[in-house]
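**Q** What shape does this take:
(one chain, ligands or ions: 1)
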Amino acid sequence: MNYDLPYCGLWQSGFEKKAVPVTPDYPELKTLIQSMFDTMYDSAGVGLAAPQINFSIRLFVVDGEPFSDEEPTLVKFKKVFINPEMIDESGNKWKFNEGCLSIPGVREDVDRHSVVHLKYMDENFVEHTETFDGIAARIIQHEYDHLEGVLFTDRLSPLKRQLLKGKLNDISRGKVNVDYKMKFMSK
Ligand code: ZN
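**A** Here you go, the predicted model:
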């Protein structure tokens, strides 16, 4: 079942709002989660947050397997995060080249802390408190930001954003080649 395609994050006002918590009786949650994994794999992403497919709820899925050459532990980093709460971000800041299914064709180095400590529930609503580092932490930080209404481009320097302005405007009008199916305002 294909619930929805990734939305372009640059025009949709919903991307700026804070997503709301998910309740255990949320309708067809398991189907939604499966559909999010399908959408993520179809677009060759390593993470997808519900707001990216127009569900403004606190849920994201990840699978870090494509990065397992760099970090072997990521082979098993396939997870569902429901109602995550960032307890703490620590460690040195480091740059990692990020991209986003909602902003096709843009990749930029983003500075973030190396370690995250967070509380979340899995797909069975079992609570976990865990620490992640490296690329796993990075994927979580990026997806968590989507729940807070923040895109990775918001974290770039004003100069970098200025340089990207034309490109972002084009993307928001659908003037970009995307090798996965996506929803734009004008398409
Ligand atoms: Zn993203």
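
**Q** what about the helices in the chain?
**A** Secondary structure of the chain (DSSP state H): helices located at 29-42, 134-147, 158-172.

**Q** Tell me which of those sits most buried.
**A** With neighbours defined as mean count of other C-beta atoms under 10 Å, the helices of the chain peak in mean count at helix 134-147, which reaches a mean of 23. To be clear about C-beta, it is placed using only N, CA and C from the backbone, and glycine gets the same treatment.

**Q** other SSEs contacting that helix?
**A** strand 47-49, strand 59-63, strand 78-100, strand 103-121 (3 or more C-beta pairs under 8 Å, 6 or more residues apart in numbering; DSSP states H and E).

**Q** which intervals of the protein have sub-threshold pLDDT?
**A** 1-5, 10-14, 185-187 (pLDDT under 70).

**Q** same thing but at 80, please
**A** For the chain, the stretches flagged by pLDDT under 80 are 1-16, 182-187.

**Q** And the residue nearest the centre of the chain?
**A** Per C-alpha atoms, centre = their mean, the C-alpha nearest to the average position across the chain is that of Glu143, at 3.1 Å.

**Q** Quick check: the gap between that one and Pro27.
**A** 22 Å (C-beta to C-beta, to the nearest Å).

**Q** what do you get for Val150?
**A** For Val150, the distance to Pro27 - C-beta to C-beta - is 27 Å.

**Q** Who has more neighbours out of those two?
**A** Set Val150 next to Pro27 and count neighbours by other C-beta atoms under 10 Å: Val150 wins out with 16 against 7.

**Q** Can you report phi and psi for that one?
**A** Backbone dihedrals for Val150, given as degrees, to the nearest 10, come out at phi -120, psi 130.

**Q** Contacts only, for Ile135.
**A** Applying C-beta atoms under 8 Å, 6 or more residues apart in numbering, we find Ile135 in contact with Gly64, Phe67, Glu70, Glu71, Leu74, Phe96.

**Q** same thing but 7 Å
**A** Gly64, Phe67, Glu70, Glu71, Leu74 (C-beta atoms under 7 Å, 6 or more residues apart in numbering).
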